[in-house]
Each structure stands twice: as structure tokens, then as C-alpha cells.
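Undergrad: Fold the following, please.
(one chain, ligands or ions: 1)
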Amino acid sequence: MRLALIVVLALLLAACDQNMDVQPKYSEYSRAPLFRGSVLRLPPANTVARDDLEWERAVTTKPALSAELLGRGQQRFAIFCLPCHGAGGDGDGIIVHRGMPRPTSYHVDRLVTADDQHFFDAITNGYGAMYSYAARILPQDRWAIVAYIRALQLSRRASIEDVPPDERAKLRVQP
Ligand code: HEC
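TA: Now for the predicted structure:
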């Protein structure tokens, strides 16, 4: 009885031979009888996919500064950048303690005076040893992260005069 079961199981397993390499499918460069060309089609000349325009707009339009944007930036920063750049942006994240080259602190003059695009581009294209985050962070979120980095930088250089007068009293209250 047990032998029969083993034989049946062995036969069943032997039938599971189809893997992803041999499944029936078109591959991009094979010939497609329907089109008299390859499966991969060229878009008609002078066409622009609608999504591309939206994407382009998100890349080139910096969203207006708001508490919501900063909140989003803070959250995305904590997920994607903090492990290397550290919570304060000093370049002392946990991965750096484990051997990653230490990134320059966001608080050096060169990066305080660098424009927003420098940060956006580093996220998009990577920078030296840092790899690109283009595939993981949407353009809107890249701008949100840039806004949050600006807030981090300001937090080290702001004076009490930068705070609106009616908000100053709150800062003097001991927690
Ligand atoms: C895996 C570690 C790591 C992560 C995660 C990371 N970075 Fe970096 N980053 C680096 C390193 C290392 C450098 C310096 C690279 C070099 O100089 O070769 C760097 C450089 C930079 C620079 C350029 C600084 C300069 O000197 O001009 C910016 C801006 C930057 N990172 C922003 C970010 C942001 C924003 C995120 C999150 C979206 C992020 N990084 C995530 C490691 C990381």
C-alpha cells in the first residue's frame, strides 16, 4: 500500500516538469506572426504616453511646502535614508557603523547651500557609493524627502527670530 502511494507520488511529481523557461509565451524579441515583426512593438512616431507626461510633471514640479509634505518626507526619509544618513542627517546611520562609506553630513556648508535639485538628483541617480532610489521612491516623495532634509538643516541653524512671534512662547515651555 505504502509502495503504491510512493509510486503514485513519484509519477505525479515527475509530471511537474514545466518550469518558467519552457512555458508557452512570447519573448520580446521573437517574431510575432500577427505584426510581421518582433513581439516588442515600437510606439507610432511622435507619440507620448500620457503617464510619461504626468511623470515628467511630478519630476519638474516642486510641491508647495506644507506640514503634510514634511510629515511624508520625514516618514520616507526614515524608511529609505536614515539607515545610512542617520536620524539627524550627520551621516552616522547604522549601516555606516557596519562598513558603508560615511556620507557627508547634510550640515556642512556645501550641502546647506546646495540647491534642492542636488538632493533630488542624488535620490534619482544615486551618488558615488550610494545607489539610485529611482525605482523605489516616486518623484513626489523625492520632493517630500528634500523638503524634510531642508527642515533638518534649518533645525541646526535657526534662531529664535526665525520663529513667528506668537509661536515663540511655546518653545519656552518646559516639556
Ligand atoms: C546604503 C546607504 C545609503 C542610503 C540608504 C542613502 N544614502 Fe545617500 N549617500 C550614501 C553615501 C555612502 C554617500 C556618499 C557617496 C560618495 O561620496 O561616494 C551618499 C551621498 C548622498 C548625497 C550627496 C551628498 C554630497 O556629498 O553631495 C545625498 C544628497 C544623499 N546621499 C541623499 C540621500 C537620500 C535623500 C537618501 C534616501 C532617499 C539616501 N541618500 C539614502 C549612502 C546612502
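
Undergrad: what's near enough to touch the residue nearest in space to the middle of the chain?
TA: In the chain, the centroid-proximal residue (CA atoms, centre = their mean) is Ile137; its distance is 2.4 Å. Contact partners of Ile137, counting by CB atoms under 8 Å, 6 or more residues apart in numbering, are 76, 80, 123, 145. From N, CA and C alone the C-beta is placed, and that goes for glycine too.

Undergrad: The same query, at a cut-off of 7 Å, please.
TA: Neighbour list for Ile137: 76, 80, 123 [criterion: CB atoms under 7 Å, 6 or more residues apart in numbering].

Undergrad: What ranges does this protein have for its helices?
TA: 2-15, 50-60, 67-80, 82-85, 94-97, 109-113, 116-125, 139-157, 165-172 (DSSP state H).

Undergrad: Buried residues of the fourth one, list them for me.
TA: When you say that, I think you mean helix 82-85. Buried residues in helix 82-85, defined by neighbour count with 16 or more other CB atoms under 10 Å: 82, 84-85.

Undergrad: quick one: contacts of it?
TA: Residues outside helix 82-85 that contact it (CB under 7 Å, 6+ apart): 91, 93-96, 100, 103, 106.

Undergrad: Check the longest one too.
TA: When contacts are defined by CB under 7 Å, 6+ apart, helix 139-157 is touched by residues 55, 58-59, 62-63, 65, 69-70, 72-74, 76-77, 81, 88-89, 106-107, 112, 116, 119-120, 123-124.

Undergrad: and what of the fifth one?
TA: For helix 94-97, the external contacting residues (CB under 7 Å, 6+ apart) are 83-84, 102.
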